[in-house]
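Chemist: A predicted structure for the sequence below; I have some questions about it.
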Amino acid sequence: MKKLLYLILLLTTLAKSQETYFATIGFDPKLAIKGAYKNDATPVVDIYFNVGTKLSNNIEVAIGAEYAKLKPHYFATTYYINYVLTSYHKNWSLSFGPELHLISRGRFLNQQKINPKLSPGANLTIGYSPFTKFEIRLKGSLVNRLDLKAMYGSSKLKENIGIEIRYQIER
């Protein structure tokens, strides 16, 4: 836990000296349409929010939160650092990098509680900027879900798809 606090402190310190900030909101369309479980196709709300900064033209760091109305409820804090490639037209971008999820299950409504698990992952995002400050993004990530190991006895490499809207501010 101390290492996590040091990481947050480092990201905060780096963010104060930067010129570009962003906020992203997104959702998982697969869960919204097909649900989360093989035997239950009930749509599930899964939304997330990230804030971050660009350390240079090609490096960005962010911290975020995700909530999904699963059984038991899912809450994750996410940290990531990405390398960003921008096309020569400046409208398209491709970013990729590692991410770390602190996943907590069942902390709401007196459900079965699972201790928070630190789960590593990686992401790949394609973005299109129709306007200067806005970007529409498609994000794919692959996460080693250690919370599933605590719940069901085996961890699982899970893929996630997200549709995002990002707003960017430059100082």
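Modeler: Sure thing, it's come through.
Chemist: low-confidence ranges in this structure?
Modeler: 1-18, 87-89, 107-114 (pLDDT under 70).
Chemist: the residue nearest to the spatial centre of it sits in which helix or strand?
Modeler: Residue closest to the average C-alpha location in the chain (Cα atoms, centre = their mean): Thr78, at 5.4 Å. Remark: Thr78 resides in strand 74-86, with elements defined by DSSP states H and E.
Chemist: cool, Asp147 as well?
Modeler: Assigned by DSSP H and E, Asp147 belongs to helix 146-152.
Chemist: which residues are contacting that helix?
Modeler: 74, 103-105, 114-115, 117-119, 154-156, 158 (Cβ atoms under 8 Å, 6 or more residues apart in numbering). Every C-beta, even on glycine, is put in place using the N, C-alpha and C of the backbone.
Chemist: rerun that using 10 Å as the cut-off
Modeler: Outside of helix 146-152, the residues within contact range by Cβ atoms under 10 Å, 6 or more residues apart in numbering are 72, 74, 76, 101-106, 112, 114-120, 145, 154-158.
Chemist: check stretch 132-141 too.
Modeler: Contact with stretch 132-141 is made by 22, 24, 26, 28-29, 48, 50, 78, 80, 90-93, 95-96, 99, 101, 121-130, 158-170, as judged by Cβ under 10 Å, 6+ apart.
Chemist: can you give me the helices in the protein?
Modeler: Per DSSP state H, the chain carries helices over the ranges 2-16, 29-34, 146-152.
Chemist: buried residues in the last one?
Modeler: Put plainly, it is helix 146-152. For helix 146-152, a neighbour-count test (16 or more other Cβ atoms under 10 Å) marks Leu146, Asp147, Leu148 as buried.
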